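Undergrad: I'll drop the sequence and a predicted model, then ask my questions.
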Amino acid sequence: MVAVQLAWLHGDTPFPPTCLALGPETDAPGLLAAGGDLSPARLVDAYRHGIFPWYGEGQPLLWWSTDPRMVLPAAEFKLSRSLRKTLQRFLCTPGCEFRFDGDTPAVIAACAGAPREGQDGTWIVPEMVAAYVRLHRLGIVHSVETWVDGQLVGGLYGVNLGRMFYGESMFARRTDASKLALAALVAFCRVEGIALIDCQQQTRHLASLGARAIPREAFEAHLRVAVAQAAPRHWAYDSSSWKSLDLRLDEPAADNPP
């Protein structure tokens with residue numbers, strides 16, 4: 001174990017350079033700072049620099065900048081044959097629909113309550129829920145949702161700055177419901193020129209969908225260009241975006257939607 005001095009944030013204290021984040025030889029690789037608050041200004045500043053909050057109940061507010069960084073290039077999204085069929089069935093089944101920002105607070109709450117493999121609790125503590133709902137009201141946090149017969153069955157949410165989307169969390173109450181939401185997000189990103197979706201942490205699940213790790217330096221170089229651009233004017237579902245995934249929408253409806 002390597003002894004380190006962690007930076008503590010107070011008031012308007014700026015974040016330290018991300019190169020000072022703890023390294024792989026420590027117990028918390030990527031940990032950059034502690035303290036501060038979850039105000040909109042602090043959060044936007046964090047995301048602009050590739051920094052994100054992640055902590056649990058009973059812990060201080062912790063800020064991270066991982067290296068390498070897991071990202072999903074929109075152009076490299078892997079739409080498997082089985083997921084493509086599931087998506088086509090969903091699109092052709094009455095009562096099944098995608099919504100953007102239909103009920104973002106409900107999506108965030110569902111993500112907070114979703115069980116996670118290998119985790120006893122959630123990092124989406126009540127303070128985090130309130131902070132991201134505030135950002136949603138400011139037009140910075142968005143959700144992509146799957147609905148069946150008027151019921152929210154899956155979705156994801158994240159932060160949008162310029163032409164960059166930072167994925168935060170997803171949930172599913174039916175098989176593949178969150179994957180379908182991710183496919184809808186990717187289609188939107190391809191149309192809107194959002195090249196990268198930040199995934200923060202490395203997982204085999206994300207890798208199976210096309211995500212890969214890139215050096216923090218490369219991630220931050222992309223951010224400097226992407227966040228300086230104008231954000232999409234409208235976050236709304238448009239069925240024509242499926243053309244970006246070469247998806248056929250003329251399949252017959254399925255009897256059992258996902």
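TA: Noted; the coordinates are in hand.
Undergrad: so how far is residue 153 from residue 173?
TA: According to C-beta to C-beta, to the nearest Å, residue 173 and residue 153 sit 5 Å apart. In this view, the C-beta of every residue, glycine as well, is placed from N, C-alpha and C.
Undergrad: and these two? which has more neighbours close in?
TA: Set side by side, residue 173 and residue 153 show more neighbours around residue 153, with 23 against 15, by other C-beta atoms under 10 Å.
Undergrad: you'd agree the more buried one is up against residue 146?
TA: Yes: counting by C-beta atoms under 8 Å, residue 153 does reach residue 146; the two are 5.4 Å apart.
Undergrad: what about the chain, any weak spots by pLDDT?
TA: The model of the chain has pLDDT under 70 over residues 1-4, 115-122, 248-258.
Undergrad: Contacts only, for the most centrally placed residue in it.
TA: The centroid of the chain falls nearest to residue 167 when counting by C-alpha atoms, centre = their mean (1.0 Å). Going by C-beta atoms under 8 Å, 6 or more residues apart in numbering, residue 167 touches 72, 156, 158, 185, 197, 198, 199, 200.
Undergrad: What strand or helix carries the residue lying closest to it once chain neighbours are set aside?
TA: In this structure, residue 167 finds its nearest non-sequential neighbour in residue 158, 4.3 Å apart by C-beta to C-beta, 6 or more residues apart in numbering. Element membership for residue 158, per DSSP states H and E: strand 151-161.
Undergrad: which of the residues in that strand are buried?
TA: Buried residues in strand 151-161, defined by neighbour count with 16 or more other C-beta atoms under 10 Å: 152, 153, 154, 155, 156, 157, 158, 159, 160, 161.
Undergrad: Show me which pair in those residues is furthest apart.
TA: Using C-beta to C-beta, these reach their maximum pairwise distance at 153 and 161, which is 28.4 Å.
Undergrad: May I have the secondary structure class of residue 28?
TA: Assigned with DSSP: H, G, I helix; E, B strand; the rest coil, residue 28 falls in the coil class.
Undergrad: so who does it touch?
TA: Taking C-beta under 8 Å, 6+ apart, one finds residue 22 in contact with residue 28.
Undergrad: Run through the neighbouring helices and strands of the strand holding residue 158.
TA: helix 40-48, helix 104-113, helix 126-137, strand 141-148, strand 164-172, helix 177-192 (3 or more C-beta pairs under 8 Å, 6 or more residues apart in numbering; DSSP states H and E).
Undergrad: and the angle from it to helix 177-192?
TA: Angle of strand 151-161 versus helix 177-192, following axes from the mean of the first three to the mean of the last three C-alpha atoms, to 10 degrees, is 40 degrees.
Undergrad: that older thread, between the buried residues of strand 151-161, which is nearest residue 234?
TA: Of all these, residue 234 sits closest to residue 160, with 11.7 Å by C-beta to C-beta.
Undergrad: I'd guessed residue 177 sits against residue 155; true?
TA: Yes: the pair residue 177 / residue 155 is scored as a contact, 7.4 Å apart, by C-beta under 8 Å.
Undergrad: Touching both of those two, which residues are there?
TA: In contact with both residue 177 and residue 155: residue 146, using C-beta under 8 Å, 6+ apart.
Undergrad: could you dump the buried residues of strand 151-161 to TSV with distance to residue 99?
TA: Putting the buried residues of strand 151-161 into TSV (distance: C-beta to C-beta, whole Å) gives the following:
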residue	distance to residue 99
152	9
153	11
154	11
155	8
156	12
157	12
158	15
159	19
160	16
161	22
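Undergrad: of those residues, closest to residue 101?
TA: Of all the buried residues of strand 151-161, residue 157 has the smallest distance to residue 101: 9.2 Å, by C-beta to C-beta.
Undergrad: Just list whatever residues bridge to that closest one.
TA: Residue 157 has these beta-bridge partners by DSSP bridges: residue 143, residue 169.
Undergrad: where's the nearest residue to residue 150 once chain neighbours are set aside relative to residue 105, distance?
TA: In space, and not counting its chain neighbours, residue 150 is closest to residue 95: 7.7 Å by C-beta to C-beta, 6+ apart. Distance of residue 95 to residue 105, computed by C-beta to C-beta: 23 Å.
Undergrad: That's all I had, so thanks and see you.
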